[in-house]
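Participant: Mind looking at a prediction? Sequence and model below.
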Amino acid sequence: MFFKFYKLECAALVFMLLSCTPHGNNPNEIDFYFGQKPNDTLPEVFAPGIISFGNHEHHLTFMPDYSELFYVVADKYRKQHIIISRKRDNMQWSKPEVATFSGYYSDFAPSPTPDGKYLLFCSNRPLPGDTAEVGDFNIWKVYKNANGWSTPEPLPFPVNDETNEYNPSISANGNLYFQDHDEAGIDIYLSLLIYGNYTQPEKLSEAINSIYPEIGPWVSPDESVLWFSSDRPKSFGSMDIYYSTKDSSGNWIDAINAGEKINSLYGDAIPTLSPDQKQLFFVSFRPIEISLKNKNFIEILSLLNSPENGDGTIYWVSPKIIEQLE
């Protein structure tokens, strides 16, 4: 099995215990985060043993009203990604389930729209009419309805083309930011939504893109802040988180490294923000220093399978720790 589902049984037990535990003075706010207090100092593993197990979890995102959250789990070799869903009802989160629109193909990067009417994700499922078993990676859409989510449909050309499109993020007016892989490299593109149609995607300026890979954009609903990841030189690790804001003319300023309070000596990538933009989530490959000396077998397994085993899991922190965003 790809994801060591035996761990989910443990997660269910922890979840039940949390469900019966008082969540502090503000249960509505803290319950959004599985009883974990929002972090405003340094990054920590998000919901260890509930969301984060160290099985390469990433791309955590919430519906605008916190009624449902999504994140992605992957096999060891990153050949298949599955979108996981948890629903919130009466201040309680449901057990994790494979999202109804995921589970067979490699699906990742769930991205709800700011109004919650639909969700974008990327997938290698074949396009309609394609007889191939799998296709290249394209951006797909599912609508929210009374029964959950609609049947996935691909975004039209010119967003999806013969190259791979990844990691969509959409603003309140429908403008689409995403990551495209082509012969020129890996960069972040923008396609405007005008009268219901997407324009030809254009690569963002050199304030955002470089000759090095830029991945995983997240744009605020009003398009005032753009977060992404890059492995350009003078970074702290193999991949760092960056952000940019706009100047008085509406142009993106030169991207700023989020700094050593967020980035580590290891890979840090795929930033997303909570609907209120008070919490930053990202995947980090930072490991803890594990010593297996004088441990029994169960203790060894527990350490090797911990969220901080270096295989990538979800961290969170308040973006306010960045001085420029104070």
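Facilitator: Sure, I can see it.
Participant: Ends of stretch 242-255, what's the gap?
Facilitator: End-to-end distance of stretch 242-255 (CA to CA, to the nearest Å): 6 Å.
Participant: buried residues in that stretch?
Facilitator: Tyr242, Tyr243, Ser244, Trp252, Ala255 (16 or more other CB atoms under 10 Å). All C-beta atoms are positioned from the backbone trio N, CA, C, and that covers glycine.
Participant: ok, residues contacting that stretch?
Facilitator: 204-205, 207-208, 223-230, 256-258, 271, 322, 325 (CB atoms under 8 Å, 6 or more residues apart in numbering).
Participant: Now do it, average pLDDT.
Facilitator: Averaging pLDDT along stretch 242-255 gives 97.
Participant: and what of stretch 40-51?
Facilitator: Confidence for stretch 40-51, expressed as mean pLDDT, is 93.
Participant: Output it in CSV with nothing but the alpha carbons.
Facilitator: Taking Å, rounded to 0.1, in the frame of the first residue of the first chain, the C-alpha atoms of stretch 40-51 are listed here in CSV:
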residue,chain,number,x,y,z
ASP,A,40,3.1,32.6,15.7
THR,A,41,6.8,31.9,16.5
LEU,A,42,8.6,29.2,14.6
PRO,A,43,7.3,26.5,12.2
GLU,A,44,6.0,23.3,13.7
VAL,A,45,4.6,20.1,12.3
PHE,A,46,0.9,20.6,11.7
ALA,A,47,-1.4,18.2,13.5
PRO,A,48,1.1,15.4,14.0
GLY,A,49,-0.4,11.9,14.0
ILE,A,50,-3.7,13.4,12.6
ILE,A,51,-2.7,15.1,9.3
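Participant: can you list contacts of it?
Facilitator: 10-11, 14-15, 18, 33-34, 36, 52, 57, 60, 71, 261-262, 281-282, 284, 306-308, 313-318, 320-321.
Participant: Filter the residues you listed down to just the buried residues.
Facilitator: 11, 15, 18, 33-34, 36, 52, 57, 60, 71, 262, 281-282, 284, 306-308, 313-318, 321.
Participant: Let me see the ranges of the helices in the chain.
Facilitator: Counting by DSSP state H, the chain has these helices, from start to end: 6-19, 27-31, 297-304.
Participant: ok, the nearest residue to Glu223 once chain neighbours are set aside to Thr199 distance?
Facilitator: Distances taken as CB to CB, 6 or more residues apart in numbering put Ser171 closest to Glu223, at 4.8 Å, once the chain neighbours are dropped. Distance, Ser171 to Thr199, using CB to CB, to the nearest Å: 14 Å.
Participant: more neighbours, those two?
Facilitator: Ser171 (20 against 14; other CB atoms under 10 Å).
Participant: Widest-spaced pair of the buried residues of stretch 242-255?
Facilitator: Spanning the widest gap among the buried residues of stretch 242-255 are Tyr242 and Trp252, at 11.1 Å by CB to CB.
Participant: Can you check the pLDDT for His23?
Facilitator: In this prediction, His23 carries a pLDDT score of 38.
Participant: circling back: now, the buried ones among the contacts of stretch 40-51 that are in strands?
Facilitator: Cross-referencing these against strands under DSSP state E gives Glu57, Leu60, Tyr71, Phe281, Phe282, Ser284, Thr313, Ile314, Tyr315, Trp316, Val317.
Participant: Switch these over to a markdown table; also include distance to Asn90.
Facilitator: Output for those, formatted as a markdown table (distance: CB to CB, whole Å):
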| residue | distance to Asn90 |
| --- | --- |
| Glu57 | 26 |
| Leu60 | 22 |
| Tyr71 | 22 |
| Phe281 | 24 |
| Phe282 | 30 |
| Ser284 | 32 |
| Thr313 | 28 |
| Ile314 | 25 |
| Tyr315 | 28 |
| Trp316 | 24 |
| Val317 | 29 |
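Participant: if we take these, which one ends up nearest to Ser94?
Facilitator: Closest approach to Ser94 among these (CB to CB): Tyr71, at 13.7 Å.
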